[in-house]
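J.: Below are the sequence and a predicted model; questions follow.
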Amino acid sequence: MEKTKSQELEVLNGYYNSGANQIVIVYGHVSTGSQTVISEFNKGKQIIFYSACSASERLQQNLIADHIRKRGYEISEYPTYKEIFESVEQMSKDSGKPLVLMIDRFENIIKSSPDFIRDISPIVYREGHPQIMIVLLGLNAAWIENTMVEKIGSQASNISGFLKIKPYSFQEMKVRMPNMSNRDIISTYAIFGGKGQLWEYFDQNKSFKQNVCEKFLDSNNSVLLRATINQLEENLRETAVYNTILYGLANGKNKLNDIHHATGFSRAKIMVYLKSLIELGMVEKVYSFATTGHENVQKGVYRICDPLPHFFYRFFYANLTEIISMNADDYYEKFVAPSLSEFVETAYKLICREYVMKLSEYRKLPFLIEDEGEWVGKIDSLDIVAQSESGDTLVGVCKWDSVMDASSIDAVRSCCKRARINPDYYYLFSAVGFDEGLIKLANEEASIRLIGLDEMMND
């Protein structure tokens, strides 16, 4: 099991091994590896599992009651949650062992029954029964983090803890594809991010282009294209409005005024839908690393942060007719290849940021990073800004498809002046290399570090 998942499993087992009664919320997209963590956690434990449907409170209670009856316990047709959990309590007493009740997609319960946690807490936490651990499994991380606590109010104090299942790191994902070229691995990460289950669709013995053509563009076997469309339709209501906004974002309309002019929607309407997309974890508002150069910061910038929808709206959404009518190879060369480097560079920058954090974790940087981010300026940007607790500063710039030369460091220094940052170290990343002039300068100035693709991939 990868390091990330081992750490998450350790946290979850820590709650269980405490012996105390618990209500724990575990959340994260299923493709990020939550199923791996849960499967390992369940081994050797008494588990009751229920997956909540999107339903009214009355129907939900009826469905749970059916599960209880199948276990040989009598319960009314439409029991309250108090009755349901008294039955769970009795199961725990009858077994004489700790019991873990897992409720998958628990958001479906909270949304129709906001007092759910208030109703079950007195039963879970009272004495007189073996340990009961309630694990509420959620998929909508943004809703849980941004909306749920406000919705349940003071009941939140009854929750023992939260565990967010994070996406796999790039370093963890790349080892799964040893036969892929470095550039193809990064391009694959640009589509799937750290959602490990999605990577399984791609064949590491085929090129990135071949995989895209087969899994997205083959009209007879485009499983990923269909899955992406289904996912979007499942999560988005009023799809015409959301599609229009997401298509604009995917094609560089990243500010409210730009989206307004591109879509024709009012700014107030756009803000409502952007808020919903942020809550769904599909869009993020970009915040720059805090510096005194705030007058040069580009404010009010939004971007799609879920890579698969970003890929869909950037390359497929406007051309669904052509996907059906054109040969897959021809479509790829016409609609994907020309803009792919620009798309992949966004992921490459995230990978470089992860690499810098990894260097800090393993004490391979000149200082330990206390805070990090990016600085998005009106003229240019710094892809990486990292500082120590005492103020040591590192800045980084990442180029996916261009050789960096001596002028690159001058451009970075000019950007730093606009950001009012005084770096101690410059980390320059390029996937295609550096010219002799910049290599010579880096050899002369210890503050400049050049990191090529091979070094980053093999470190």
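T.: Happy to help now that I have it.
J.: Mind splitting this protein into its structural domains?
T.: The record assigns the chain these domain ranges, following automatic domain parsing: 3-164, 237-325, 349-458.
J.: now the first one, how far from the chain's geometric center?
T.: In terms of CA atoms, centre = their mean, to the nearest Å, the gap separating the centre of domain 3-164 from the centre of its chain is 23 Å.
J.: Please name the nearest non-neighbouring residue to the most centrally placed residue in the chain.
T.: The centroid of the chain falls nearest to Pro167 when counting by CA atoms, centre = their mean (5.8 Å). Leaving out its chain neighbours, the residue that sits closest to Pro167 by CB to CB, 6 or more residues apart in numbering is Gly194, at 2.6 Å. (C-beta placed from N, C-alpha, C; glycine too.)
J.: residues in contact with stretch 11-18?
T.: 22, 24, 26, 37, 41, 45, 98, 100, 131, 133, 135, 160-161, 163 (CB atoms under 8 Å, 6 or more residues apart in numbering).
J.: Give me the buried subset of the residues you listed.
T.: Using 16 or more other CB atoms under 10 Å as the burial test, the contacts of stretch 11-18 include Gln22, Val24, Val26, Val37, Phe41, Pro98, Val100, Gln131, Met133, Val135, Ser160, Leu163 as buried.
J.: Name the nearest of those residues relative to Leu277.
T.: Closest approach to Leu277 among the buried ones among the contacts of stretch 11-18 (CB to CB): Val26, at 23.8 Å.
J.: what sits opposite the closest one in the beta ladder?
T.: Leu137, Leu163 (DSSP bridges).
J.: helices and strands of this structure: which one has the lowest mean pLDDT?
T.: The weakest-scoring helix or strand in the chain, judged by mean pLDDT, DSSP states H and E, is helix 141-143 (a mean of 77).
J.: Who are the packing partners of the helix or strand that it is followed by?
T.: The first helix or strand that comes after helix 141-143 along the chain, using DSSP states H and E, is helix 149-152. If contacts are counted by 3 or more CB pairs under 8 Å, 6 or more residues apart in numbering; DSSP states H and E, helix 149-152 sits against helix 107-112, helix 116-125.
J.: Need the residues that contact helix 149-152.
T.: Ile110, Lys111, Pro114, Phe116, Ile117, Arg118, Ala156.
J.: So the fifth one sits against Ile159, correct?
T.: What that stands for is Ile117. Yes: using CB atoms under 8 Å, Ile117 is in contact with Ile159, at 6.9 Å.
J.: Comparing the two, which shows the higher neighbour count?
T.: Each of Ile117 and Ile159 has its neighbours counted (other CB atoms under 10 Å); Ile117 has more, 26 against 18.
J.: out of everything not next to it in sequence, what's closest to the more buried one?
T.: That would be Gln155: by CB to CB, 6+ apart, it lies 4.4 Å from Ile117.
J.: tell me the contacts of the one you found?
T.: Asp115, Ile117, Arg118, Ser121.
J.: Give me the neighbour count for the residue nearest to Pro178 when sequence neighbours are not counted.
T.: Spatial nearest neighbour of Pro178, excluding adjacent residues (CB to CB, 6+ apart): Gln204 at 7.1 Å. Look at Gln204: counted by other CB under 10 Å, it has 15 neighbours.
J.: Which stretches in the stretch 51-200 of the chain count as strands?
T.: Ranges of strands in the stretch 51-200 of the chain, per DSSP state E, counting those that start in this stretch, are 99-104, 132-138, 161-164.
J.: Include distance to Ile324 and mean pLDDT when you put the ones you listed into a markdown table, please.
T.: Converted to a markdown table, the strands of the stretch 51-200 of the chain look like this (distance: least, CB to CB, whole Å; pLDDT from 0 to 100):
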| stretch | distance to Ile324 | mean pLDDT |
| --- | --- | --- |
| strand 99-104 | 36 | 96 |
| strand 132-138 | 36 | 95 |
| strand 161-164 | 39 | 92 |
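J.: List phi and psi for Asp306.
T.: Main-chain torsions, Asp306, degrees, to the nearest 10: phi -90, psi 110.
J.: To clarify, my last question referred to Leu236.
T.: The phi/psi pair for Leu236 (degrees, to the nearest 10) is phi -110, psi 130.
J.: Would you confirm that it contacts Tyr242?
T.: Yes: applying CB under 8 Å as the test, Leu236 and Tyr242 come out as touching, 4.4 Å apart.
J.: higher neighbour count, the two?
T.: Tyr242 (22 against 19).
J.: In terms of helices and strands, where is that one?
T.: Following DSSP H and E, one finds Tyr242 within helix 239-250.
J.: Identify the residues contacting that helix?
T.: With CB under 8 Å, 6+ apart, helix 239-250 has contacts from 232-233, 236, 258-259, 262-263, 265, 269-270, 273-274, 276-277, 282-283, 302-304, 309-310, 313-314, 317-318.
J.: Moving C-terminal from it, which element do we reach first?
T.: Per DSSP H and E, the helix or strand that comes after helix 239-250 is helix 256-263.
J.: Helix or strand next in line after that next one, which one?
T.: helix 267-279.
J.: got the buried residues for that next one?
T.: Ile270, Tyr273, Leu274, Ser276, Leu277, Ile278, Glu279.
J.: from what I can see the third one touches Arg303, true?
T.: No: assessed by CB under 8 Å, Leu274 is found out of contact with Arg303, at 10.9 Å.
J.: ranges for the strands of the stretch 201-350 of the chain?
T.: Along the stretch 201-350 of the chain, counting by DSSP E, counting those that start in this stretch, strands occupy 283-286, 301-304.
J.: wait, which of these is closest to Ile68?
T.: strand 283-286 (40.2 Å).
J.: Partner strands of the closest one and their direction?
T.: Strand 283-286 pairs in its sheet with strand 301-304 (antiparallel), by DSSP bridges.
J.: Residues contacting the partner strand, please?
T.: Residues outside strand 301-304 that contact it (CB under 8 Å, 6+ apart): 246, 249-250, 254-256, 259, 274, 282-286, 310, 313, 376.
J.: and for Leu274 and Arg303, which residues touch both?
T.: Val283.
J.: Run through this structure and note the low-pLDDT ranges.
T.: Applying pLDDT under 70 to the chain flags residues 1, 29-33.
J.: Check it for its longest helix and report it.
T.: helix 337-361 (DSSP state H).
J.: on that earlier part again, closest to Glu200 out of the domains of the chain?
T.: The nearest among those, by CB to CB, is domain 3-164 at 9.5 Å.
J.: and the nearest residue to Glu172 once chain neighbours are set aside, how many neighbours?
T.: In this structure, Glu172 finds its nearest non-sequential neighbour in Glu2, 4.4 Å apart by CB to CB, 6+ apart. Glu2: 17 surrounding residues under other CB under 10 Å.
J.: do you know how far Glu2 is from Leu198?
T.: 16 Å (CB to CB, to the nearest Å).
J.: For Asp380, grab the count of nearby residues.
T.: The burial count for Asp380: 16, using other CB under 10 Å.
J.: Excluding sequence neighbours, find me the nearest residue to it.
T.: Per CB to CB, 6+ apart, closest to Asp380 is Cys415, 4.7 Å.
J.: Hmm, the one you found is touching Gly377, no?
T.: Yes: with contacts counted by CB under 8 Å, Cys415 reaches Gly377, the gap being 6.3 Å.
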